[in-house]
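Student: Have a look at this prediction, sequence included:
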Amino acid sequence: MAASGLAKWASELAKGVHGYWANGRWTPLAISARHRARLRKETLLSGGEWPYDAVRREPRTRMKGHKVDREAAIKRARTVELMEKMPQLLAEMKKRRWERKLKS
């Protein structure tokens, strides 16, 4: 049963898993999803191969949670880095202020 049904619909199934683009329009398959699933099941149970499955993409690794929580550690590290530079920055600021005061 499965082999005859598969032979009958092989050209239609080869067009795409759910449908195909033809003449700038999306065209669904002429075989219903239920009938396609039944054919697939019968083919696999009889030991045949089913080459018409869709290509599976790997799932996106989307991070959950709030952005502020994820970036808090980065901000704390940057604050520590800037605090280490603070004495040098203050000295440079005082020097610029002193030079500006001397000019006027």
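Tutor: Here it is on my side, so go on.
Student: how about residue 27, secondary structure?
Tutor: strand (DSSP: H, G, I helix; E, B strand; the rest coil).
Student: my guess is it meets residue 18, correct?
Tutor: No. With contact defined as CB atoms under 8 Å, residue 27 does not reach residue 18; the gap is 10.4 Å. (C-beta placed from N, C-alpha, C; glycine too.)
Student: Doesn't residue 21 belong to a strand?
Tutor: Yes. Secondary structure of residue 21 (three-state DSSP): part of a strand.
Student: what's across from the residue nearest to it when sequence neighbours are not counted in the sheet?
Tutor: The shortest distance from residue 21 to any non-neighbouring residue, by CB to CB, 6 or more residues apart in numbering, is to residue 27 (7.2 Å). Using DSSP bridges, the bridge partners assigned to residue 27 are residue 20.
Student: okay, now residue 27: neighbour count?
Tutor: Counted with other CB atoms under 10 Å, residues neighbouring residue 27 total 12.
Student: Where does residue 53 sit, in terms of helix or strand?
Tutor: For residue 53, there is no host helix or strand (DSSP states H and E).
Student: Leaving out the residues flanking it, which one is nearest to it?
Tutor: Closest residue to residue 53 apart from its sequence neighbours, by CB to CB, 6+ apart: residue 17 at 6.8 Å.
Student: quick one, what contacts that neighbour?
Tutor: 52, 53, 54 (CB atoms under 8 Å, 6 or more residues apart in numbering).
Student: do you know how far the residue nearest to residue 21 is from residue 38?
Tutor: 22 Å (CB to CB, to the nearest Å).
Student: try residue 13
Tutor: In terms of CB to CB, residue 13 sits 13 Å off from residue 38.
Student: Output stretch 93-104 as CSV - backbone C-alpha positions only.
Tutor: C-alpha atoms of stretch 93-104 as CSV (Å, rounded to 0.1, in the frame of the first residue of the first chain):
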residue,chain,number,x,y,z
MET,A,93,41.9,67.7,35.7
LYS,A,94,43.5,69.7,38.5
LYS,A,95,46.5,70.4,36.2
ARG,A,96,44.3,71.6,33.4
ARG,A,97,42.4,73.8,35.8
TRP,A,98,45.6,75.2,37.2
GLU,A,99,47.0,76.0,33.7
ARG,A,100,43.7,77.7,32.7
LYS,A,101,43.9,79.8,35.9
LEU,A,102,47.5,80.8,35.1
LYS,A,103,46.5,81.9,31.5
SER,A,104,43.8,84.3,32.8
